[in-house]
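Peer 1: sharing a model that was predicted from the sequence below.
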Amino acid sequence: MIVLLLAVFLTATGCRGRAAVEDTVQREIEAITAMKQLSLVEYRVSKIIKADDDGAWYKIGDRKILLSCTAYLKAGIDLAAFGPDDVDIDWTGKRVTVTIPHATLLSLDMPPSEIREEYDHVTMFRHSFSAEDRNALLRQGEKQIRSSVPSLGILEKADENARRFFESVFQKMGFETVEVVFS
Amino acid sequence: MNITTQAMKALLVNVLLALATAAAVFIAIGGGWAVAKYTGILPLKKTKKALTIDNTPITVEQVKTIGELVTASFYDETVVIVKQKREVLKKGSKKGKDTTITRIVRIPEKEATGQDELVLVQNAHARIGIDLASLSKDDLRINKSAKAIEIKLPDVKCLDFIMNPTDTDVFSEKGTWDLDQLKLAMAPARQEIEYKMNKDTMLFKKARKGAEDVITQLLSSAGYETVKVVFASAKNAELKLPPVEQ
C-alpha cells in the first residue's frame, strides 16, 4: 500500500515537473512561428514624410518637418498549403502542372538607420517636435507605404518570378512542359 | 479749454481702465482654463489633435529578383530607458544673448532623476530561412532511373531583422530628444533582441527542419522517390550521386 502511494506520489511530482517544463517550452515556442514563405522579389522604395502643423486658431506660429525614409518590400508566395495535390504530373508527355497561390506582401522593412530628418522649423510660442511626435509621423509614413503596395506592381512582378521559379525547378528535373497556374 | 482737457483726461482714464479690465479678464479666463486643463480640476479632456502627414508619392529605387525560403520567424520586445543630461562646456553671453555651449551626455540608468529621460517599448521580429539564390548546379544530383535526388542547401540564417516605426512605442519622454537620439536609444534594444535570437538554438533548428520539409515535399511532388536534403554546414554534407549533366 505504501509502495503504491509512493509510486502515485512520484508520478504526480514528475507530471508537475514535466508540466512546468512544457509550460516554459510552450512560452518559448510562442516567440517562434513556423512558416513556409518563398520571397521572390524585393523593392527598395523611398518616401518623403511631410507635416505642416499650422495649429489651431489660438496657437501662434507654426511648425514644419520633413523626414525621408527608405523601405524594403518583399513579396512572394505562401507555401503553407502547398502539397502533392498541387502538382499534376503527366509522365508520358513529360508535362507538369503546378498550382500556386497568388503573391502577397511578405515583409516591409523600414530600417531606422535610413530615416533622416531633412528639415525642421518651429516658430516661437510652439513646442518643438518630440520623439513621440516624430515616431507618430513615421508610423503614418509606414502605413502609407503599406497601403500603396497594390499600385507599385510588386505583386505582379512576384507572380511572374514565381512562374519562372517553378518552371526552372521542374525543367531541371527533366520535364519538357511546365505549366504554372494560380489558384 | 480746461473742460476739454479734463474731458480728454477722463476719457483716457476710462479707456485705460477698460483695457486693464479686459486684460485682467482675459488673463483670468486663460489662466483658469490652463489650470483646469493641466491639473484636471474640471473634467476637461487633454485632447491633442493628431498631426497628419501629406500624401506624398513613393519612389521605386530598385527592383531585385530574389529567392528566399522563410521557414521560421522570431518575435520579441524589450524596454529601453535612456537618460541624458546637458553638460555646460563654456558659459557665456554676448550683448545680452546667451552663448553658452552645452553638450549632451548619456548617463547610466541608475543615476539620479531630474535628467532628460526617454522610455521606449521596442518590438522586433526576424525572418529566418535560406537564400536559394546561392544554389548552383553543383548542389543538385539526380539519378533519373532510380528516381533519386540529392540537394545541398545553404544553411539557415537571419534574412530580415525588422524594427519599424509601428514597432516602437515612446512610453515616456522628459526633455528634448531629436531623431538621432531616438535612433541611438533604439540601438541597445536591437542588440538585446538579436542576442536572444542568436542564442535560441530551437529557432534555427525549426527553420532548418522547415526548409528540409518544404524542399523534400517539392521534390517528392515531382515524382522522386528518394530525396536527400543536406545543409552545407553539416558534417556529412557530401552528395553521393554524380553531378547533373550540362
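Peer 2: Here it is on my side, so go on. Residues are numbered from 1 along each chain as shown, chains lettered A, B, ... in the order given.

Peer 1: shaky segments in chain A?
Peer 2: Counting by pLDDT under 70, chain A has low-confidence residues at A:1-31, A:55-59.

Peer 1: could you pull out the helices for it?
Peer 2: Ranges of helices in chain A, per DSSP state H, are A:2-31, A:131-147, A:149-152, A:154-172.

Peer 1: for chain B, same thing?
Peer 2: Listed in chain order, the helices of chain B (DSSP H) span B:2-39, B:179-199, B:201-221.

Peer 1: so the first one, near chain A or not?
Peer 2: No. Counting by Cβ under 8 Å from any Cβ of the partner chain, no contacts exist between helix B:2-39 and chain A, the nearest distance being 9.4 Å. No exception for glycine: its C-beta is placed from N, CA and C like everyone else's.

Peer 1: I'd like the helices of chain B as CSV, with distance to B:L51 and mean pLDDT appended.
Peer 2: Below are the helices of chain B laid out as CSV (distance: least, Cβ to Cβ, whole Å; pLDDT from 0 to 100):
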stretch, distance to B:L51, mean pLDDT
helix B:2-39, 19, 84
helix B:179-199, 15, 90
helix B:201-221, 39, 91
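
Peer 1: outline the domain layout of chain B.
Peer 2: Per automatic domain parsing, the structural domains of chain B span B:1-50, B:68-82+B:118-231.

Peer 1: so which of the helices of chain B is nearest A:D78?
Peer 2: Among these, the nearest to A:D78 by Cβ to Cβ is helix B:201-221 (11.4 Å).

Peer 1: can you list the domains in chain A?
Peer 2: A:1-33, A:36-182.

Peer 1: quickly list what the most centrally placed residue in chain A is bridged to.
Peer 2: Centroid-nearest residue in chain A: A:S107, 2.8 Å away (criterion: Cα atoms, centre = their mean). Beta bridges link A:S107 to A:K74 when assigned by DSSP bridges.

Peer 1: got a list of what it touches?
Peer 2: A:S39, A:Y72, A:L73, A:K74, B:R127, B:D160, B:I162 (Cβ atoms under 8 Å, 6 or more residues apart in numbering or on different chains).

Peer 1: quick one: contacts for residue 178?
Peer 2: Assuming you mean chain A. Contacts of A:V178 (Cβ under 8 Å, 6+ apart): A:R95, A:V96, A:V98, A:F166, A:E167, A:F170, A:Q171.

Peer 1: nope, chain B please
Peer 2: B:D178 sits in contact with A:E117, A:A131, where contact means Cβ under 8 Å, 6+ apart.

Peer 1: torsion angles phi and psi at it?
Peer 2: Dihedral angles phi and psi of B:D178 (degrees, to the nearest 10) take the values phi -90, psi -180.

Peer 1: distance check, it against A:E42.
Peer 2: B:D178 sits 31 Å away from A:E42, going by Cβ to Cβ, to the nearest Å.

Peer 1: ok, now B:A133?
Peer 2: 11 Å.

Peer 1: got any residues that touch both of those two?
Peer 2: B:I66.

Peer 1: quick check on the two: which one has the bigger neighbour count.
Peer 2: The neighbour comparison of B:A133 against A:E42 (other Cβ atoms under 10 Å in any protein chain shown) goes to A:E42, with 23 against 11.

Peer 1: B:I66 is in contact with the more buried one, correct?
Peer 2: Yes. A:E42 is within contact range of B:I66, at 5.1 Å (criterion: Cβ atoms under 8 Å).

Peer 1: show me what the strand ranked longest in chain B is packed up against.
Peer 2: The single longest strand within chain B, with elements called by DSSP state E, is strand B:58-90. On a contact count with 3 or more Cβ pairs under 8 Å, 6 or more residues apart in numbering or on different chains; DSSP states H and E, strand B:58-90 meets helix A:2-31, strand A:32-53, strand A:63-78, helix A:154-172, strand B:101-107, strand B:116-131, helix B:179-199, helix B:201-221.

Peer 1: give me that answer again for 6 Å
Peer 2: Contacts defined by 3 or more Cβ pairs under 6 Å, 6 or more residues apart in numbering or on different chains; DSSP states H and E place strand B:58-90 against strand A:32-53, strand B:101-107, strand B:116-131, helix B:179-199, helix B:201-221.

Peer 1: what comes up buried for the longest one?
Peer 2: To tie it back to what came earlier, the one meant is strand A:32-53. Residues of strand A:32-53 classed as buried by neighbour count (16 or more other Cβ atoms under 10 Å in any protein chain shown): A:32, A:35-51, A:53.

Peer 1: and for the last one?
Peer 2: Residues of helix B:201-221 classed as buried: B:203-204, B:206-208, B:210-212, B:214-221 (neighbour count, 16+ other Cβ under 10 Å).

Peer 1: export the helices and strands packed on strand B:58-90 to JSON lines and append columns for distance to B:V82.
Peer 2: Compiled in JSON lines, the helices and strands packed on strand B:58-90 are given as follows (distance: least, Cβ to Cβ, whole Å):
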{"stretch": "strand A:32-53", "distance to B:V82": "24"}
{"stretch": "strand B:101-107", "distance to B:V82": "7"}
{"stretch": "strand B:116-131", "distance to B:V82": "5"}
{"stretch": "helix B:179-199", "distance to B:V82": "4"}
{"stretch": "helix B:201-221", "distance to B:V82": "28"}
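
Peer 1: about what we covered before: which one, of the helices of chain B, ends up nearest to B:I151?
Peer 2: In terms of Cβ to Cβ, the element of the helices of chain B nearest to B:I151 is helix B:201-221, at 6.3 Å.

Peer 1: so that closest one versus helix B:179-199, what angle?
Peer 2: 70 degrees (axes from the mean of the first three to the mean of the last three Cα atoms, to 10 degrees).

Peer 1: helix B:201-221 versus helix A:154-172: what angle between them?
Peer 2: Between helix B:201-221 and helix A:154-172, the angle comes out at 60 degrees (the same axes, to 10 degrees).

Peer 1: can you show me the CA trace of helix B:201-221 as PDB?
Peer 2: Extracted C-alpha coordinates of helix B:201-221, given in PDB (Å, rounded to 0.1, in the frame of the first residue of the first chain):
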ATOM      1  CA  THR B 201      19.000  27.100 -30.900                       C
ATOM      2  CA  MET B 202      15.500  25.900 -31.300                       C
ATOM      3  CA  LEU B 203      14.700  28.700 -33.700                       C
ATOM      4  CA  PHE B 204      17.400  27.800 -36.200                       C
ATOM      5  CA  LYS B 205      16.700  24.100 -35.700                       C
ATOM      6  CA  LYS B 206      13.000  24.700 -36.500                       C
ATOM      7  CA  ALA B 207      13.900  26.800 -39.500                       C
ATOM      8  CA  ARG B 208      16.300  24.100 -40.800                       C
ATOM      9  CA  LYS B 209      13.600  21.400 -40.400                       C
ATOM     10  CA  GLY B 210      11.000  23.600 -42.100                       C
ATOM     11  CA  ALA B 211      13.400  24.200 -45.100                       C
ATOM     12  CA  GLU B 212      14.100  20.400 -45.300                       C
ATOM     13  CA  ASP B 213      10.400  19.600 -45.300                       C
ATOM     14  CA  VAL B 214       9.500  22.200 -48.000                       C
ATOM     15  CA  ILE B 215      12.200  21.100 -50.400                       C
ATOM     16  CA  THR B 216      11.500  17.400 -49.700                       C
ATOM     17  CA  GLN B 217       7.800  17.900 -50.400                       C
ATOM     18  CA  LEU B 218       8.500  19.900 -53.600                       C
ATOM     19  CA  LEU B 219      10.900  17.200 -54.900                       C
ATOM     20  CA  SER B 220       8.700  14.300 -53.900                       C
ATOM     21  CA  SER B 221       5.800  16.000 -55.700                       C
END
